[in-house]
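Peer 1: Just the structure for this:
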Amino acid sequence: MTTGTDTGTPPFADSSISELLAVPTAERNDEWLRGALQAAVELEMSTIPPYLCALWSIKAPEDPSSAVAAETLRHIALDEMFHLAVVNNLLVAVGGRPRLRGRAPTYPGPLPRGIVPGLVVHLQGLTRGSVGDVFMGIERPEDPLARDYDTVGLFYEALIENFRHYTGTFRPENQREISFGGHALPIVHTTELAIDLLEQVKEEGEGTATNPLYGDELAHYYRFGELAHGRRLVRIGPGDEWAWAGAEVPFPEWQVDVYPMAQLPGGGWPEPLPEEVQRPLRAFGRTYAEVLDQLEQAWSGNEQALPDAIAAMRRLQQPAQELMHQPYRGGSYTYGPDFRPVS
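Peer 2: Have a look, this model is predicted:
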């Protein structure tokens, strides 16, 4: 288990999710909590790029063939941004400091810290396969009868349990309070609020143990399921059973409604790159680095950095879609963003 080094690395800073969960409950101290929350930061950060690539690949989000998919992806991407903000607030509340730029994920690759082994996350244009295999894999619910690996939900349940026994103080300085995308991010000052926020993060992703809904909305896993199966999720039978057996859900057609962004290869787009690809790719990388740097600054005392980061994030779409207009090696696929921060 990685618990720190002579160079000053904080304990649990690099521990895998399985290593974190293997620590006995009685030994999950404040250092464990800060390490686990940093892992949550990396996890939430890693889900946003594939969802945004799929969203940006939709040519006309308002068209009937694309509207449901576009709204689903937009809604879930905003939820994930809120989740990232929540765990950032919780981490600084218990004396930590979020690290983002140096922990930016590389694609294609696994989810951070070894959670959901075998799942490879790609950046590509929207397809039913990417929704059913990758997006539903990220959000898959905790199911003790079928699970043979650690899920995101199981990890968040461990964080919730830790906060139930947390006796430390909550530090308001460097926390952020902001509203966006239908969410209101509060300053965390009690264990009850910390638990409520983590339960929201968990249940927005996978639903409750017996219900696919969070409030009056489907959790992410089931919303993605509607796109993958092409049917609305409905309650069936006399019991509390659900199935993707409702009305048909339209899905945008590859190349017709969707820019056919190829899967980003390992190591990035192969060199040499034409200038019409290099230019928007550099612009995207610089802006993405700006977003990550400003997010770190926001939770390190710079209040203006958070709205600046949100403004910079909005600028990512234009170079991303420029890339999606460029044929990849003269074929029927196109380039797309690589989500690699560059100075």
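
Peer 1: quick one: low-confidence ranges for the stretch 201-343 of the chain?
Peer 2: Within the stretch 201-343 of the chain, the segments meeting pLDDT under 70 span 207-210.

Peer 1: Where do the helices of it begin and end?
Peer 2: For the stretch 201-343 of the chain, the helices defined by DSSP state H, counting those that start in this stretch cover 220-229, 275-298, 305-314, 317-324.

Peer 1: For residue 47, find the nearest of those.
Peer 2: helix 220-229 (9.2 Å; C-beta to C-beta). All C-beta spots, glycine's among them, are computed from the backbone N, C-alpha and C.

Peer 1: sorry, back to before: will you turn the helices of the stretch 201-343 of the chain into TSV that also has mean neighbour count and distance to residue 205?
Peer 2: TSV is the format used below for the helices of the stretch 201-343 of the chain (neighbours: other C-beta atoms under 10 Å; distance: least, C-beta to C-beta, whole Å):
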stretch	mean neighbour count	distance to residue 205
helix 220-229	23	5
helix 275-298	19	21
helix 305-314	17	21
helix 317-324	20	24
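
Peer 1: out of these, which comes closest to residue 38?
Peer 2: Closest among the helices of the stretch 201-343 of the chain, using C-beta to C-beta: helix 275-298, at 12.2 Å.

Peer 1: quick one: buried residues of the helix or strand harbouring residue 80?
Peer 2: Take DSSP states H and E as the rule and residue 80 turns out to sit in helix 67-93. Neighbour counts using 16 or more other C-beta atoms under 10 Å place 68-70, 72-93 of helix 67-93 among the buried residues.

Peer 1: Which helix or strand lies directly C-terminal to it?
Peer 2: helix 128-129.

Peer 1: what element comes up after that next one heading to the C-terminus?
Peer 2: Following helix 128-129 toward the C-terminus (DSSP H and E): helix 136-139.

Peer 1: Output the contacting helices and strands for that next one.
Peer 2: In terms of contacts (3 or more C-beta pairs under 8 Å, 6 or more residues apart in numbering; DSSP states H and E), helix 136-139 is packed against helix 220-229.

Peer 1: Who are the packing partners of the helix holding residue 80?
Peer 2: Right, helix 67-93 is packed against helix 30-56, strand 178-180, strand 183-185, helix 191-206, helix 220-229 by 3+ C-beta pairs under 8 Å, 6+ apart.

Peer 1: Format those as JSON lines; extra columns: distance to residue 14.
Peer 2: Formatted as JSON lines, those follow (distance: least, C-beta to C-beta, whole Å):
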{"stretch": "helix 30-56", "distance to residue 14": "8"}
{"stretch": "strand 178-180", "distance to residue 14": "30"}
{"stretch": "strand 183-185", "distance to residue 14": "27"}
{"stretch": "helix 191-206", "distance to residue 14": "22"}
{"stretch": "helix 220-229", "distance to residue 14": "27"}
